[in-house]
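K.L.:
quick one, what's the 3D model for this:
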Amino acid sequence: MIYRITFSSEEADNFRRVFDADSEATFLDLHKAILASAGYTDDQMTSFFLCNDRWEKEQEVTLVEMDSSFEYDNMVMEKTRLSDLIEEQGQRLIYVFDQMFERHFFGRVKEILPGSMDGVKCVEKLGKAPKQLKTEDPLAFTAKDGKGDLGLDEDFYGDSQYNEGDLDMEGFQDLSFEDGSMF
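P.N.:
Residues are numbered from 1 along each chain as shown. Reported below is the predicted structural model:
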């Protein structure tokens, strides 16, 4: 059988990739075809997830063997054939290409065709793929007129109001960091 699988992205307008894949091809074959069609490098951790009708992740297929949830078996792309997990037209899957920011493509098995072929082939390419990796740090704190981007002023931790005389030293006299008694 041949699976016709369509991938799209919510990040990029008019982005779509359509692949024809032999049912005996592996998820690694599909992974490599996606990378090639999007112009991505193969030096990142990626995963496929089979999803239910509400796009909730279920079975994961990883690039390398990892410890995972006991709810599902640990499956590796190189050893897992598409036919092992794809059973019907309409099957949904997510391809996570940026693990740090949980960025992904949505995939759906559009058709299951009779026949066979070698591996996986991109048969339709529409639009430009989003950048493979985000470069901005979502936890970065930038200063703007004395305030960070979170709207916090310089006295957020109360350091300007700290008075050493307000500290009650009772109970701290016996602590010594030199003799190792703390740890």
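
K.L.:
residue 31 should be in a helix, yeah?
P.N.:
Yes. Counting by DSSP: H, G, I helix; E, B strand; the rest coil, residue 31 is found in a helix.

K.L.:
surely it touches residue 77?
P.N.:
Yes. Using CB atoms under 8 Å, residue 31 is in contact with residue 77, at 5.6 Å. From N, CA and C alone the C-beta is placed, and that goes for glycine too.

K.L.:
quick one: strands adjacent to the longest strand seen in the chain?
P.N.:
With secondary structure taken from DSSP state E, the chain has its longest strand at strand 103-113. Take DSSP bridges as the rule and strand 103-113 pairs in its sheet with strand 2-8 (antiparallel), strand 92-98 (antiparallel).

K.L.:
in that strand, which residues are buried?
P.N.:
Under the neighbour-count criterion of 16 or more other CB atoms under 10 Å, strand 103-113 has 103-105, 107, 109, 112 buried.

K.L.:
could I get those as CSV with pLDDT?
P.N.:
Shown next, in CSV, are the buried residues of strand 103-113 (pLDDT from 0 to 100):
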residue, pLDDT
103, 92
104, 95
105, 97
107, 97
109, 98
112, 97
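
K.L.:
let me know the closest of these to residue 126.
P.N.:
The shortest approach to residue 126 among the buried residues of strand 103-113 belongs to residue 105, at 12.8 Å (CB to CB).

K.L.:
joint contacts of residue 31 and residue 77?
P.N.:
Both residue 31 and residue 77 are in contact with 48, 63, where contact means CB atoms under 8 Å, 6 or more residues apart in numbering.
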